[in-house]
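Q: One predicted model, sequence on top.
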Amino acid sequence: MGGEKTSWTADTLMSDFARRPLRRGLSICAIAVAVSALVAAGALAKAGDPDPGFDGEGRLVIKAAGETTKGNFEVTRLPSISMASAAGPKGELVAANRRRVFRYRASGRPREHFGGDGRVAIPTPAGTSFQLAGVVVDSGGRVLVAGTTEPMGAGGGSLDARVSVYRFMPDGKIDRSFGVHGVAGASLGPMEATGIALDSLNRPVLTGFTALTPFACRMTSIYRNTTTVARLTTSGSPDRTFAGGDGIFTDPLEDPHLPTLTAGDQVVYVSAPDQRCADPDAGSVPVASILSPGGDLALRFPVSSRGSYLLEATSLAVDGQNRIVILVTGSLPEGGGFRQDVYRLLPDGSPDPEFGVNYGVVGSVSSPGPAGSRLGAVTTDRRNRVILAGSSALRQGRGFLAVRLSAAGRLQTWFGDDGAAKAGFGRRAEATATQVHLDSRGRIVLGGTVEAPWLPTGFGLAFARFSGGR
């Protein structure tokens, strides 16, 4: 772990001017005019173009150690995540893996004030491991990282598993006033975290599960999940105004994840009905739930109106009209591969008739990415356009992909190259975007991982930034 970020740097225009002697007759005023013209040209960059203001080429790689799978499939089918990213103030980028938190300026350079070099360690106690669940930035520029801490070698559903939420101050120091000596969540009891969001008052909202009850399934012992949605106060204690007074809403469905919030602080998340003991030929449809700001179940509905062999909610967002946008991956029977659909649901859970038509099913768009692509994240912008991120084959490996749909669900072919913006990370690199967000200036930021032979450990965290256009 550790090391410096891979160097893909380009001198900024003003730095370049500062190093060169002024030619005779060239005034500071003329330089300012030239700079203004170039800035204006950058502001009018085509939507989907790489942003050269981000580390010179619109992409960035952080050297990192490869992640290992936890191997607790019998407890939860949710994959462990190797990184998470979020937007910071003034166009900043914040990211985390299970060992460190990274903070970069809008230019793509480390924010040195954060930990001295733009990175800080997550203070995992000796003899324990930390499994990342997510990262968010509050309105004060503080970074919150959530995950699960448990003894090394513990299996899924451990009695000793505890949610750990750390809050880092803008300078990278642990906020000791948060929780107990700077870490919150342990008071929620045995629980493994699957996601984090922040409400309008900077209160952390967590999804997670506890799997402590053995259950016989086809001659095999598995564990059923007892799942929870919890809210903490800004000081890190369970919020007694949420879910009847203990800060925890208990959900009978399994694997709650992808938490996000509406403009009114309703909590939206997705659960996966247990299919491990069901008929293997039967389809399954994820279920979306909405909790009131007080932590009561307000609404629950399937994310799709039609069945499938197996549907998985891959990513979730809420647009400016509180419509729920869900990226769904469907596994086809008998080795038939997969398909991906985007659903937009009205606040009452019904399909949005103004969004696409997928084989006669309103409210959905099928296969929005180019052939051979795989999508892994979704967000929306201020115009309620849908932005999807994932990976796509390039001439020299596999790289990041972003596509954008209009508010009506139509592919915007003028975005990027025929509707697809791509970013490669070098020869024989295999990169996959699992995160997408808009920065404070409306630019599209993708985050994920890259594997390449030129990286010291063969693995790194990767980022790309594209112009959002007008």
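A: Right, received. Where do you want to start? Numbering: from 1, shown residues only.
Q: so where's the protein shaky on pLDDT?
A: Across the chain, the stretches falling below the confidence threshold (pLDDT under 70) are 1-44, 67-77, 155-157, 212-215, 217-223, 273-283, 305-309, 333-336, 358-360.
Q: Now do the helices for it: every range, in order, please.
A: Counting by DSSP state H, the chain forms helices over residues 13-19, 28-43, given from the N-terminal end onward.
Q: Look up the closest residue to residue 269, ignoring the ones flanking it.
A: Nearest non-adjacent residue to residue 269, counting by C-beta to C-beta, 6 or more residues apart in numbering: residue 259, 4.6 Å away. C-betas here are computed from N, CA, C, even on glycine.
Q: Might one say that the one you found is in contact with residue 199?
A: No - with the criterion set as C-beta atoms under 8 Å, residue 259 and residue 199 do not qualify as a contacting pair; they are 10.4 Å apart.
Q: Spit out the residues that contact these two alike.
A: When contacts are counted by C-beta atoms under 8 Å, 6 or more residues apart in numbering, residue 259 and residue 199 are jointly contacted by residue 205.
Q: out of the two, which sits in the more crowded spot?
A: Neighbours were counted for residue 259 and for residue 199 using other C-beta atoms under 10 Å; residue 259 has more, 24 against 19.
Q: Now do the contacts for that one.
A: Each residue near residue 259 by C-beta under 8 Å, 6+ apart is listed here: 195-197, 205-207, 229, 267-269.
Q: What is the nearest of those residues to residue 189?
A: When those are compared for distance to residue 189, the smallest value, 12.4 Å, is given by residue 206; criterion: C-beta to C-beta.
Q: since we're on that closest one, how many residues are nearby?
A: In terms of burial, residue 206 registers 27 neighbours under the definition other C-beta under 10 Å.
Q: quick one on the thing from earlier: output the contacts of residue 259 as a markdown table; include the columns distance to residue 325.
A: What follows is these, written out as a markdown table (distance: C-beta to C-beta, whole Å):
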| residue | distance to residue 325 |
| --- | --- |
| 195 | 16 |
| 196 | 19 |
| 197 | 15 |
| 205 | 19 |
| 206 | 22 |
| 207 | 18 |
| 229 | 20 |
| 267 | 16 |
| 268 | 10 |
| 269 | 14 |
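Q: among those, which ones are buried?
A: Judged by neighbour count, with 16 or more other C-beta atoms under 10 Å as the criterion, the buried members of the contacts of residue 259 are 195-197, 205-207, 229, 267-269.
Q: what about the strands in the stretch 351-470 of the chain?
A: Applying DSSP state E, counting those that start in this stretch to the stretch 351-470 of the chain gives strands spanning 357-358, 361-362, 364-366, 374-380, 386-394, 397-405, 420-423, 429-438, 444-451, 459-466.
Q: Of those, give the one that comes closest to residue 324.
A: Proximity to residue 324 (C-beta to C-beta) singles out strand 374-380 among those, at 10.2 Å.
Q: chain center to stretch 145-157: distance?
A: 20 Å (C-alpha atoms, centre = their mean, to the nearest Å).
Q: Renumber starting at 28 from here on
A: From this message on, residue numbering opens at 28, which makes the last subject stretch 172-184.
Q: hey, C-alpha coordinates of it in CSV?
A: Below are the C-alpha coordinates for stretch 172-184, written out as CSV (Å, rounded to 0.1, in the frame of the first residue of the first chain):
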residue,chain,number,x,y,z
VAL,A,172,-16.0,6.8,5.9
ALA,A,173,-18.2,3.9,6.9
GLY,A,174,-17.4,0.2,7.0
THR,A,175,-17.3,-2.9,9.2
THR,A,176,-14.6,-3.7,11.7
GLU,A,177,-14.2,-7.3,13.0
PRO,A,178,-11.4,-9.6,14.2
MET,A,179,-9.0,-10.9,11.6
GLY,A,180,-10.3,-14.1,10.1
ALA,A,181,-13.8,-13.8,11.3
GLY,A,182,-16.5,-15.2,9.0
GLY,A,183,-19.6,-13.3,7.9
GLY,A,184,-22.2,-12.8,10.6
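Q: what's the nearest residue to residue 265 once chain neighbours are set aside in contact with, if anything?
A: By the measure of C-beta to C-beta, 6+ apart, the closest residue to residue 265 outside its immediate chain neighbours is residue 274, 3.2 Å from it. Contact partners of residue 274, counting by C-beta under 8 Å, 6+ apart, are 215, 257-259, 264-267, 322.
Q: In the sheet, which residues pair with residue 234? Tell me.
A: Counting by DSSP bridges, residue 234 is bridged to residue 222, residue 256.
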